[in-house]
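1. The sequence isn't on hand, but the structure is:
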């Protein structure tokens with residue numbers, strides 16, 4: 001069986017692979033990443049099936065490799081940002097069963113307190129206490145006077161104090 005001469009891709013690869021790997025290594029500073037990118041460059045050439053018509057192989061290969069380098073650096077930047085975001089997250093806190101019970105009891109008491117208020121009193125109380133709105137803003141939102149807002153807040157605070165005494 002006669003040996004066939006190497007094809008244009010084989011010739012391109014054997015003549016320029018070491019040069020391309022060195023060119024990439026000088027830009028990345030990492031031999032293994034340079035080798036991977038060199039392989040990716042030749043895979044692109046192979047996928048395009050145009051190794052035969054390349055007039056300036058090093059220019060052609062470096063153009064493809066430059067685009068792969070940009071993708072490589074973008075990917076590294078995204079990975080770094082992701083890892084920094086993970087590192088900046090606070091450590092998850094393990095809540096003890098006692099603390100969890102205390103929180104649930106407090107929330108249940110607040111729910112019971114709010115349930116004991118009338119609808120308008122509850123809306124005014126929540127707007128002032130949770131949203132931080134002023135009396136005039138709450139009155140404007142609900143279409144009532146500032147005096148009415150104050151009366152409802154007094155009613156809500158009295159209700160809270162009575163529940164705390166129980």
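-> Okay, I see it. Here the structure is a predicted model, which is why all the values come from computation and not from measurement.
2. since we're on residue 88, how many residues are nearby?
-> 7 (other C-beta atoms under 10 Å). Heads up, the C-betas are built off the backbone N, CA and C, glycines and all.
3. For it, give its distance to residue 82.
-> Going from residue 88 to residue 82 by C-beta to C-beta, to the nearest Å gives 11 Å.
4. Flag every buried residue along the lowest-mean-pLDDT helix or strand in the chain.
-> Taking mean pLDDT, DSSP states H and E as the measure, the chain has helix 97-115 as its least confident helix or strand, at a mean of 80. Using 16 or more other C-beta atoms under 10 Å as the burial criterion, the residues of helix 97-115 that qualify are residue 113.
5. just stretch 128-139 next, same as before
-> By neighbour count, and taking 16+ other C-beta under 10 Å as the criterion, the buried residues in stretch 128-139 are 128, 133, 135, 138, 139.
6. Including pLDDT, distance to residue 58 and secondary structure, could those residues go into JSON lines?
-> Putting those into JSON lines (pLDDT from 0 to 100; distance: C-beta to C-beta, whole Å; DSSP: H, G, I helix; E, B strand; the rest coil) gives the following:
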{"residue": "128", "pLDDT": "89", "distance to residue 58": "73", "secondary structure": "helix"}
{"residue": "133", "pLDDT": "89", "distance to residue 58": "69", "secondary structure": "coil"}
{"residue": "135", "pLDDT": "92", "distance to residue 58": "77", "secondary structure": "helix"}
{"residue": "138", "pLDDT": "91", "distance to residue 58": "74", "secondary structure": "helix"}
{"residue": "139", "pLDDT": "92", "distance to residue 58": "77", "secondary structure": "helix"}
